[in-house]
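1. how does the following fold in three dimensions:
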Amino acid sequence: MSVVADPHHLSVPPPQLHRRNREPVDTGLPPTHDEHFCVHTRQGQLPLPRQGAVVAKVGCGSGLCDTHKYRRALLKNSPRHLGVLNLAVEKAGWDRRPPEGRARGVAVHAAFGSFAAQVAEASVENGRIRVHRVVCAIDCGTVVNPETIAAQMESGIAFGLSAALYSALHFKDGRVQESNYHDYRVLRLNEMPVVELHIVPSTEKPGGVGEVAVPHIAPAVANAVARLTGQRLRELPLRLHA
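-> Residues are numbered from 1 along each chain as shown. From the prediction side, this is the model:
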């Protein structure tokens, strides 16, 4: 099943769900993937998946600068991780050149019994990072309501992008300096990327979808920016160095 949501065309009818003739991913339980690296933010620490920004750098160091191939090698014994990774990069057109001035980055994560991967397509405009498109694949076991999954993935990506690009808290004398949304930025409607969701058919027990889309987006965007600029960004919000 797949869903495509474009926030810039609000007058169109709700997106239709299309069932794909796709074989289910092997549902054997993979080894645990709970190890995390952390980036330090003004709000504290945000865990990045092991398959996130650090893995991309290590992959290049090993000679496999196509980070998708490096992740495939790491996840060869984790079929559900590998299933969402393969689906996300396929639907994102990873092997095709992105539009001029853009690059793609990928991240994989598992939480609450669900497995997901995201490919972010980003550019840098006047020194600021802009995310144009996010392709998300999720294996959450048996699907009860696909539209609920779509809503949760889209909102999780928006929430994660706010933290990745804008939201920061500053403290002085023990007090938070930001007071409202004029100085604590969140993602705005005109900044929301097109989100494409692809659901892996599965007969596994249902997993959660509440915040499954949040952890991937920062490392996916950071990996895209690294491909564009060569800069490895380690703090949130993501800011390019002069």
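
2. would you map the helices across this protein?
-> 53-61, 67-74, 79-92, 146-165, 214-229 (DSSP state H).

3. which of the ones you listed sits most buried?
-> Highest mean neighbour count of those: helix 214-229, a mean of 25 (counted as mean count of other C-beta atoms under 10 Å). Quick note: C-beta positions are derived from backbone N, CA and C, even for glycine.

4. quick one: distance of it to the chain centre.
-> On the basis of C-alpha atoms, centre = their mean, to the nearest Å, helix 214-229 sits 8 Å off its chain's mean C-alpha point.

5. give me the number of residues near the closest residue in space to R80 that isn't next to it in sequence?
-> Leaving out its chain neighbours, the residue that sits closest to R80 by C-beta to C-beta, 6 or more residues apart in numbering is F115, at 4.4 Å. Look at F115: counted by other C-beta atoms under 10 Å, it has 29 neighbours.

6. now swap in the one 10 residues further on and tell me
-> One way to gauge burial is a neighbour count; for E125, by other C-beta under 10 Å, it gives 9.

7. against V135, how distant is it?
-> Per C-beta to C-beta, to the nearest Å, E125 is found 21 Å from V135.

8. what ranges in the protein fall below the confidence cut-off?
-> For the chain, applying pLDDT under 70 flags the ranges 1-67.

9. relative to R72, how far out is the residue nearest to R239 when sequence neighbours are not counted?
-> Leaving out its chain neighbours, the residue that sits closest to R239 by C-beta to C-beta, 6+ apart is L233, at 7.1 Å. According to C-beta to C-beta, L233 stands 24 Å off from R72.

10. from the chain's centroid, how far away is stretch 214-233?
-> With C-alpha atoms, centre = their mean, you get 10 Å for stretch 214-233.

11. what's the answer for stretch 119-127, then?
-> In terms of C-alpha atoms, centre = their mean, the centre of stretch 119-127 is found 14 Å from the chain centre.

12. return the set of buried residues in that stretch.
-> V119, A120, E121, A122, S123, V124 (16 or more other C-beta atoms under 10 Å).

13. work out the gap between stretch 220-239 and the centre of the chain.
-> 13 Å.

14. again, but for stretch 122-142
-> 6 Å.
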